[in-house]
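[1] pasted the sequence and its predicted model underneath.
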Amino acid sequence: MDNPTVAQSGLWLLILLPLAGALVNGLVGRKLGKANVALIAIGAMVAAFLSALVVYVQVLAGRNVASGGSENWFHVLGPDGRAMVSIAWGLWVDRLSGTLLLVVTGVGLLIHVYSTSYMSHEDDAGYARFFTYLNLFVAAMLTLVLGDSLVLTFVGWEGVGLCSYLLIGFWYTDEQKAFCGRKAFVTNRIGDFGFLIGVFTILSIFGTANYGQLAAAVKGHGVDTLLTAGAFAGWTLGRALTLATLGLFVGCCGKSAQLPLYVWLPDAMAGPTPVSALIHAATMVTAGVYLVARTSFLFALAPATMATVCLVGALTAVFAAAIAFFQNDIKKVLAYSTVSQLGFMFIGVGAGVYFAGVMHLVTHAFFKACLFLGAGSVMHGMHEDTDIRNMGGLKDKMPHTRMTFLIATMAITGIVPLSGFFSKDAILAGALNSENAAFPAVGKIAYVLGTIAAAGTAFYMMRCYFLTFSGKPRTKVAEHAHESSPAMTGVLWILAVLSVVALLLGLPRFEIFGRWGEVFGDYMHPVFAQALGILHGEGGEAAEHVALWPFAVAWGVALASGALAWAMYVGNLREVPGKLARAFPGFYRFGVDKFRVDELYDLFVVKFVKNGAWVLWKVVDRIVIEGIFVNGIPRVLAGLGRFFRLGQNGDLQRYAAVIAVAAAVVLWVVLGTGAR
Amino acid sequence: MNFPTQDFAALAPVGILSGGALILLLSEVFLASTRRGYQASLTVLFSILAAVAAAGGGSPGVIFNGQATVDAFSTFVTVIVCAGLALSALVGAGWLRARQAERGEFYALALFGASGMALLGSATDLLFAFISIEVMSISTYALAAYIRRGKKPAEAAFKYFILGSFSSALLLYGTALVYGAAGSTLFAEIGRAQGPLLVVGLGLVAVGLSFKVAAVPFHVWTPDVYEGAPTPVTAFMAAGVKTAAFAVLTRLALVAFQATPASAANSFAWVLAALALVSMLFGNWLALTQRSVKRMLAYSSIAHAGYLLVGVVAAAAAGAREAALSSILFYLASYTATVVGAFAVVAVLERRGRSLDEEPADAWDLERFAGLGRKRPGLAFAMAVFMVSLAGVPPTAGFIGKLLVFQAAISAHAYGLAVVGMLTSALGAYYYLRVVVYMYMRPAEDREIGLISPAIQVALALAVVAVIVLGVGPETVSKLARAAAAIGM
């Protein structure tokens, strides 16, 4: 099993297996029946997961696995002989992409299993379509993760975007849901535009988009290195990379739902719940974090971008948490919570504690998938009602769902000793200790904002839990709620256990933990060594600040805030939320309306674009394009074509005459210029 | 003159092709059975053998006192020609059988033609080139007239023959003038001569070759002949004749570019650039108005000759020569795979009359492709791949070919040609994609699904695979093309 070539050939297989599953289900799935469709989809996922394990054995042994990469797809030389564009197909697994690989195939497999039961009310065609999209998504996500260049990552990036669109609008006959899919797609396009600018900038600086080659190209260069060739000649490396990485980060903002492009993610909850768990919580939305971590050595050379990433992350974390206070739809609460948690991850990668950002990505994948699937289970029990005000008292009706939801809630809240505490705390402590070369205060600001967001998280998650499961049933439906099938609860338990066990990754570097202290950080170190070298000087490390007080603060905040939620929704202060809402009705409405960001965008962006599009349609399209180009040019060309066809009438003598005259012209030209 | 035996050994691929032709001719005499399925297989076998012999034969270099050169370039050309022959033979098998016209002569003529093409790839002497061209041309004249059941094929073949003879006469006259100026017809010698006689001679030779590659304004025969000839023959002509003619044109252009008075070399480059320009413009333009897909492909082949000429022009700049030559070779390989595939689909869909002698006027009309995406998804997919490749869209072979050619043009500072090439490619996308639109977005006119045979299916599958493989992983072939481009160094 530890033969490297086996692992190498397995790399492409990883992508091809889910793709094959999608192909079969997409082409003939509707005729196969549900059981066979599920068998094919899950079979592909099991095989992919096993191949991922085979590959991961290599990674654990310290060997990176690459496949292809040397084969150029195309290679364009610029006028100065330098490679202008060089693009290759290649896959690459190191400790970072390997970890993501396991998360995507592992959580993906669990969610496939869960979906077999969750989606069983669909008809055969819908069932096959769902699993086709789901398998296709996994294939695209693996392309994103395994690609060894920005270009291949972008292929996957677009692929997951497409699948996300298809799955949000899965019930496309509902106009509202189809609209949500379009909103996600359009918002993501804005981000993708930034991504492309980033890729093109990087191509014109380095002539390559391959991660390994990029890392080698910036090795030994500082922020002040002057670029001598290409479109950015005369710029310093730092300035050019700031442009490039800001472009990439705009892409991340779109895909990972950060300010100001987060608006699509809450609406993405229109899709089936397993989709929300897999795509809009565990995997796809974390792609932006992965991208920043993957190109950490570029971001490290652009301190201004790092500061931007860190601040945008912190602001998003607070902002989304604030909106989540007011949400009554269980999936919407979780959606804003996802946006907020993604903000935490960006604080981590923006402050230069890359491992912590990635670790939070992993732990978040477990507990947020568990929460979403739990919400799905609740929705099943509640006949698709998602309003937590109508629930209550579900703890006895749905014991498994309740227990796992509680565990995951405690994990995201940051109660010791669950995994969320350690990963979130590693981010905040790391941000506190980080020093950004361009804006030194950024780490402290992010710490403060992050701590506020953490307090908010504890409150709204506990509120969500208490309203759903505690107290007495508030509606008839809640009284008759029932537990879901073992296929669903089993998956919930696995994820719940994982969100506890993942704490092992994040133990801080205290004496008592021995070699388990920061085990994940040490494991990831080779991946980020170059970036850390740039940030802290060659060979230097982040100063070891293992103070106890940030941990105590984080713990205290989580407990206090959780306790407050308990008091306000279960305990003695039950009257307070209602009173507050009545005391500040305007503010309450403002919160329930999600701070009216959608309306703001509608006013300034959407209206503007719509009006602009109307003008374009009436003036440019109707007159210029349709009138002149579409109808005009072909008419002219066709007229010319008819004219030239006069010479093509099949008359042999005329043909010969054409040739003779042309030959005479050629001779005249060569003699005229060449004979003397 | 005295030729050592190894000179003949170096031409083993040609020997295999002509030997195969003789065997197929004799098979008609001795195996008087009506079952002729083996003939196409034999043809494929011989072309594979010839390709293997060419690839495995190494590069003995100059043979026959300089009249021919067997090098990596000629090997590359031979392999392309053999591939084109094999694919066309597979297309021909089912097509001919359906018209009750499958005979050994067809394959024998194709094999003879291919042997002429293989010879042409290694020709480095004007007379040697002339004879090779005649071997190739006479076979294709006969092939174009292979089915004489209607008015059109006979007319097309006759036109091709008359105009071909005319161009051969020009070529031969040019050769005579060159001989007068240089005292030799060897490429190696004529580069050293100078004077107006040489310039006129080379000019006439260039005109003769431009006729064979179907460059505007020497293209007039192409639409009629491509449309009138049996479809498998058209495929063979588009792939093989073009490849071989470009091979010799490239070798000759290199001689002209390195001629001593620089002004002569420049005037040559100018003429070729002008031919490239008008071929790209007119080829694409005239293809726009065609409703017959077969005729559209004929005009498209003129346009592609223009793109290839851009590569030849780029070879005039010493710095870009290697890139230019390798781009031409890659383009020829990708074009061969694509165009044979496209004509194969045309052959499948071609409307037949109620009797064998009847010629429906709309045999290749766009309407024949309507609704193909539903009726025959596999066939429609293959055609879509070929159209996309001809239009030059990634990730297909056509894209990489155009990329390499325009890249060579840019490094040769021929920016104008590169820009015109890209713009006309965009124009070309219109009529290529129109076929795709018809296949996928128009309802079918009937339930007829055309005539498909296992041999054509094999040919289509091979062509699709080749087009995609060359588009996704072009490195292997482009490496070979770069190695073969060493002749210009």
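    On my side now, so go ahead.

[2] just the pLDDT for the residue of the stretch 51-200 of chain B found nearest chain A.
    The stretch 51-200 of chain B approaches chain A most closely through B:Pro196 (3.7 Å), counting by C-beta to the nearest C-beta. Every residue, glycine included, has its C-beta placed from N, CA and C. B:Pro196 is assigned 82 on the pLDDT scale.

[3] burial check on it, number of neighbours?
    15 (other C-beta atoms under 10 Å in any protein chain shown).

[4] then A:Phe604?
    Quick note: A:Phe604 (other C-beta under 10 Å) scores 10 neighbours.

[5] list the helices and strands the helix or strand of chain B with the lowest mean pLDDT packs on?
    Ranked by mean pLDDT, DSSP states H and E, the weakest helix or strand in chain B is helix B:5-10, scoring a mean of 82. Helices and strands touching helix B:5-10, by 3 or more C-beta pairs under 8 Å, 6 or more residues apart in numbering or on different chains; DSSP states H and E, are strand B:61-63.

[6] list the strands paired with the strand it packs on, with their directions.
    Strand B:61-63 has its sheet partners listed here by DSSP bridges as strand B:68-70 (antiparallel).

[7] which residues are contacting the strand it pairs with?
    B:10-11, B:57, B:59-63, B:74, B:119, B:122-125, B:128, B:487 (C-beta atoms under 8 Å, 6 or more residues apart in numbering or on different chains).

[8] re earlier: export the least confident helix or strand of chain B as PDB, just CAs?
    The C-alpha coordinates for helix B:5-10 follow below in PDB (Å, rounded to 0.1, in the frame of the first residue of the first chain):
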ATOM      1  CA  THR B   5      21.300  -0.100 -51.500                       C
ATOM      2  CA  GLN B   6      20.700   1.700 -48.200                       C
ATOM      3  CA  ASP B   7      19.300   4.700 -50.100                       C
ATOM      4  CA  PHE B   8      16.500   2.400 -51.200                       C
ATOM      5  CA  ALA B   9      16.200   1.000 -47.700                       C
ATOM      6  CA  ALA B  10      15.600   4.500 -46.400                       C
END
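
[9] low pLDDT regions in the stretch 151-300 of chain B?
    By pLDDT under 70, the weakly predicted segments of the stretch 151-300 of chain B are B:260-261.

[10] and the pLDDT for A:Leu640?
    At A:Leu640, pLDDT is 68.

[11] check which helix or strand covers the closest residue in space to B:Arg295 that isn't next to it in sequence.
    What sits nearest to B:Arg295 in space, not counting adjacent residues and going by C-beta to C-beta, 6 or more residues apart in numbering or on different chains, is B:Glu227, at 4.8 Å. For B:Glu227, the host element (DSSP states H and E) is helix B:221-228.

[12] gap between that helix and the chain center?
    Chain-centre distance of helix B:221-228: 14 Å, with C-alpha atoms, centre = their mean, to the nearest Å.

[13] check which helices and strands it is in contact with.
    Against helix B:221-228 (3+ C-beta pairs under 8 Å, 6+ apart) you get helix B:151-182, helix B:293-314.

[14] got the angle for the shortest one vs helix B:221-228?
    If I follow you right, that is helix B:293-314. 140 degrees (axes from the mean of the first three to the mean of the last three C-alpha atoms, to 10 degrees).

[15] with the first one instead?
    What separates the directions of helix B:151-182 and helix B:221-228 is an angle of 140 degrees, with the same axes, to 10 degrees.
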